[in-house]
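Asker: Predicted coordinates and the sequence they were generated for:
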Amino acid sequence: AQSVTQPDIHITVSEGASLELRCNYSYGATPYLFWYVQSPGQGLQLLLKYFSGDTLVQGIKGFEAEFKRSQSSFNLRKPSVHWSDAAEYFCAVGEMTSGTYKYIFGTGTRLKVLA
Amino acid sequence: EPEVTQTPSHQVTQMGQEVILRCVPISNHLYFYWYRQILGQKVEFLVSFYNNEISEKSEIFDDQFSVERPDGSNFTLKIRSTKLEDSAMYFCASTPDAISEQFFGPGTRLTVL
């Protein structure tokens, strides 16, 4: 079965510091990979996605992620974190099934930003 | 920008009662999904729906659950007899085609007492 692992449950960084959130996946074929962000009490907002092509993908809010097939990873990065980035971040892989994709999510990483 | 909407935002019900969670997908989207997130846990796939029928359902989606597209705009999730363990945030999502990214609604928080 496909799976997504986010090894860090909580991460705390200071405002202005760089950020990297880790994501490892298990998938037999070329994966469709996503990062979503969930602010408290809110829904899931797509930050970025990787379908194919350039392995470094740019997203909204200054985030980027790099797909590394050899490491089965899709880590999310941001060079300078803002206080408003405090939220929970979910990595997901799209698994093709019955003609469409279902998403398999990781357990999430909760980001805390110190002023 | 078009978005997926869900109503109600919060539903409280007694165990054993039926609930219907409503979603309005983005208007030109053809594929619809329900996911749920139990408090503190990861988001889990429940069901996908296309062309008025279920494409795929998870083990969670047992006979107590059903989905329907009653008209051209709504997509509903019904739980016939709620259990305490059904308490969760339920997210609806939609896509215009089979491979585009899924757009999620804000969720309905279901509390079963």
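Answerer: The structure has been received and is ready for your questions.

Asker: For chain A, which segments are assigned as strands?
Answerer: A:3-5, A:10-14, A:19-21, A:24-26, A:32-38, A:45-50, A:56-58, A:64-68, A:73-78, A:87-97, A:100-105, A:109-114 (DSSP state E).

Asker: Say whether chain A is contacted by the host helix or strand of B:Glu56.
Answerer: Element membership for B:Glu56 (DSSP states H and E) is strand B:53-57. Yes - contact of strand B:53-57 with chain A (C-beta under 8 Å from any C-beta of the partner chain) involves B:55-56. C-beta coordinates here come from the backbone N, C-alpha and C atoms, glycine included.

Asker: buried residues in the very next helix or strand once past that strand?
Answerer: Reading on from strand B:53-57 to the C-terminus, the next helix or strand found by DSSP H and E is strand B:65-68. Buried residues in strand B:65-68, defined by neighbour count with 16 or more other C-beta atoms under 10 Å in any protein chain shown: B:65, B:67.

Asker: circling back to that earlier point, contacts for the strand holding B:Glu56, please.
Answerer: Identification of contacts with strand B:53-57 by C-beta atoms under 8 Å, 6 or more residues apart in numbering or on different chains yields A:97-100, A:102, B:31, B:45-49, B:65, B:67.

Asker: Can you give the strand pairings for that strand, parallel or anti for each?
Answerer: Partner strands and pairing direction for strand B:53-57 (DSSP bridges) are strand B:43-50 (antiparallel).

Asker: From the chain's centroid, how far away is the partner strand?
Answerer: 7 Å (C-alpha atoms, centre = their mean, to the nearest Å).

Asker: Keeping just the C-alphas, turn it into CSV.
Answerer: Provided in CSV are the C-alpha atoms of strand B:43-50 (Å, rounded to 0.1, in the frame of the first residue of the first chain):
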residue,chain,number,x,y,z
VAL,B,43,-6.8,13.2,6.6
GLU,B,44,-8.3,9.9,5.2
PHE,B,45,-9.9,9.2,1.9
LEU,B,46,-13.5,8.0,2.1
VAL,B,47,-15.0,7.9,-1.4
SER,B,48,-14.7,9.2,-4.9
PHE,B,49,-17.6,9.8,-7.2
TYR,B,50,-17.9,10.3,-10.9
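
Asker: ok and it relative to strand A:100-105, angle-wise?
Answerer: Angle, strand B:43-50 to strand A:100-105, by axes from the mean of the first three to the mean of the last three C-alpha atoms, to 10 degrees: 170 degrees.

Asker: Quick one: residues contacting the residue nearest in space to the middle of chain B.
Answerer: Note on chain B: the residue nearest the mean C-alpha position is B:Trp34, at 3.5 Å, using C-alpha atoms, centre = their mean. B:Trp34 sits next to B:21, B:23, B:46-47, B:67, B:77, B:90-93 when contact means C-beta under 8 Å, 6+ apart.

Asker: Now rank these by neighbours and give me the top one.
Answerer: B:Cys92 (29 neighbours; other C-beta atoms under 10 Å in any protein chain shown).

Asker: How about the secondary structure of that residue?
Answerer: strand (DSSP: H, G, I helix; E, B strand; the rest coil).
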